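Student: here are the coordinates; sequence isn't available:
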């Protein structure tokens with residue numbers, strides 16, 4: 001399967017540069033897999049498409065100010081993007097320029113922090129050891145949110161790049177499908193009998209890393225940290241057994257649940273756990289858990305677009321994207337949403 005099969009042309013003016021206010025007034029394109037029909041809505045109308053008893057699963061990760069700038073002993077500047085911690089004070093990072101971050105290189109930061117490059121890996125990945133090891137103060141003083149490069153405007157309220165239910169710090173990128181929810185909307189869904197459950201996946205390089213191979217099957221996902229609590233896993237297992245729908249908010253949520261799912265006879269079991277997942281979902285995937293997917297519009301040739309095509313079929317999704325372009329939907333992180341039922 002060729003990566004080029006997941007390409008499309010997007011007018012630049014449809015790349016959203018700022019979020020809609022209020023959050024739930026963004027547009028929502030509902031897609032029926034069985035009929036191929038489209039419905040143009042607003043996100044606050046999502047309750048019309050959900051049923052009492054549906055299980056709504058959201059990713060409660062919180063984006064950290066992961067981009068930091070330091071200086072080498074030569075005086076040269078270096079930019080680091082924190083990806084994930086390996087252990088106390090030791091982090092995988094992306095460095096720019098990467099050629100200057102060789103093992104043994106010392107990086108100096110404001111507020112007395114230093115970092116030493118321990119390991120060098122391909123694609124600009126470096127492992128650094130920070131001193132002091134607790135870098136929360138360094139991030140609060142020197143860090144900034146790593147907004148995607150296609151968002152050219154700056155000065156956004158940092159909380160607008162967080163979901164209203166963000167709780168567990170660790171993500172580099174926001175789980176953007178969740179940005180459309182307000183606390184009031186979640187309360188209305190609860191009153192309708194749609195119970196929300198939360199898991200954690202710290203979106204990092206695995207989520208946003210470009211695909212640089214020609215064949216889809218040759219791409220490898222960078223591992224990302226997750227946690228799925230026992231009560232959530234049990235609730236989803238019960239819903240599958242009772243024939244109730246599991247509604248995944250975002251591709252990160254999908255990847256956690258599908259990586260923890262097991263088909264046992266006619267039953268689907270979802271196992272709790274914590275660790276790393278490098279699950280790569282593309283057409284041909286054996287779906288076990290996800291019944292409904294809420295997601296944003298993704299970049300061409302991205303692993304996120306491949307996941308959506310795996311869920312609804314490449315032909316239908318490409319038609320959906322063309323409809324969204326013709327109807328002037330807003331794309332990417334601060335853009336509009338789609339709901340595949």
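Tutor: Thanks, I have it. Just so it is clear, the model here is predicted, and its values are computed rather than measured.
Student: use CA for all of it now, contacts and neighbours both
Tutor: Will do.
Student: what residue is smack in the middle of the protein?
Tutor: The geometric centre of the chain, computed from its C-alpha atoms, lies nearest to residue 175 (C-alpha atoms, centre = their mean), at 3.9 Å.
Student: measure how buried the nearest residue to that one once chain neighbours are set aside is and give me the count.
Tutor: Spatially, and ignoring its direct neighbours in sequence, residue 175 is nearest to residue 250 (6.4 Å; C-alpha to C-alpha, 6 or more residues apart in numbering). By other C-alpha atoms under 10 Å, the residues close to residue 250 number 24.
Student: swap in residue 35?
Tutor: By other C-alpha under 10 Å, the residues close to residue 35 number 7.
Student: from residue 52, how far out is the residue nearest to the centre of the chain?
Tutor: Distance from residue 175 to residue 52, counting by C-alpha to C-alpha, to the nearest Å: 25 Å.
Student: OK, contacts around the residue nearest to residue 175?
Tutor: 58, 59, 175, 176, 177, 178, 293, 294, 295, 296 (C-alpha atoms under 8 Å, 6 or more residues apart in numbering).
Student: got those residues as CSV, with pLDDT and secondary structure columns?
Tutor: Formatted as CSV, the contacts of residue 250 follow (pLDDT from 0 to 100; DSSP: H, G, I helix; E, B strand; the rest coil):
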residue, pLDDT, secondary structure
58, 98, strand
59, 98, strand
175, 97, coil
176, 97, helix
177, 98, helix
178, 98, helix
293, 98, strand
294, 98, strand
295, 98, strand
296, 98, strand
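Student: which one of those is nearest residue 10?
Tutor: Taking C-alpha to C-alpha as the measure, residue 10 lies nearest residue 296 of these, at 14.4 Å.
Student: partners of that closest one in the sheet?
Tutor: Under DSSP bridges, the beta-bridge partners of residue 296 are residue 337.
Student: was I right about it contacting residue 336?
Tutor: Yes. Contact status for residue 296 versus residue 336: in contact at 6.1 Å, counting by C-alpha atoms under 8 Å.
Student: please spell out which residues along the strand ranked longest in the chain are buried.
Tutor: The longest strand of the chain (DSSP state E) is strand 77-87. Across strand 77-87, burial judged by 16 or more other C-alpha atoms under 10 Å covers 78, 79, 80, 81, 82, 83, 84, 85.
Student: ok, the residues you listed vs residue 313, which is closest?
Tutor: residue 83 (31.3 Å).
Student: what's near enough to touch that closest one?
Tutor: Contacts of residue 83 by C-alpha under 8 Å, 6+ apart are 66, 91, 92, 93, 94, 171, 172, 204, 205.
Student: may I see these organised as TSV, with secondary structure and pLDDT added?
Tutor: Formatted as TSV, these follow (DSSP: H, G, I helix; E, B strand; the rest coil; pLDDT from 0 to 100):
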residue	secondary structure	pLDDT
66	coil	95
91	strand	96
92	strand	94
93	strand	95
94	strand	93
171	strand	96
172	coil	94
204	coil	88
205	helix	81
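Student: next SSE downstream of the helix or strand residue 130 falls within?
Tutor: Using DSSP states H and E, residue 130 sits in strand 125-131. Note on strand 125-131: by DSSP H and E, the next helix or strand toward the C-terminus is helix 136-142.
Student: give the rounded mean pLDDT of that following helix.
Tutor: Helix 136-142 shows a mean pLDDT of 90.
Student: give me the residues contacting that helix.
Tutor: So helix 136-142 is in contact with 64, 65, 66, 68, 69, 110, 111, 113, going by C-alpha under 8 Å, 6+ apart.
Student: switch to 6 Å and redo it
Tutor: Contact with helix 136-142 is made by 65, 68, as judged by C-alpha atoms under 6 Å, 6 or more residues apart in numbering.
Student: who does the helix or strand bottoming out on mean pLDDT in the chain touch, helix- and strand-wise?
Tutor: Least confident helix or strand of the chain, by mean pLDDT, DSSP states H and E, is helix 205-208 with a mean of 80. Contacting helix 205-208 under the criterion 3 or more C-alpha pairs under 6 Å, 6 or more residues apart in numbering; DSSP states H and E is no other helix or strand.
Student: roughly how far is the following helix or strand past that helix from the heart of the chain?
Tutor: Sequence-wise, the next helix or strand downstream of helix 205-208 (DSSP H and E) is strand 224-228. Distance of strand 224-228 from its chain centroid, counting by C-alpha atoms, centre = their mean, to the nearest Å, is 12 Å.
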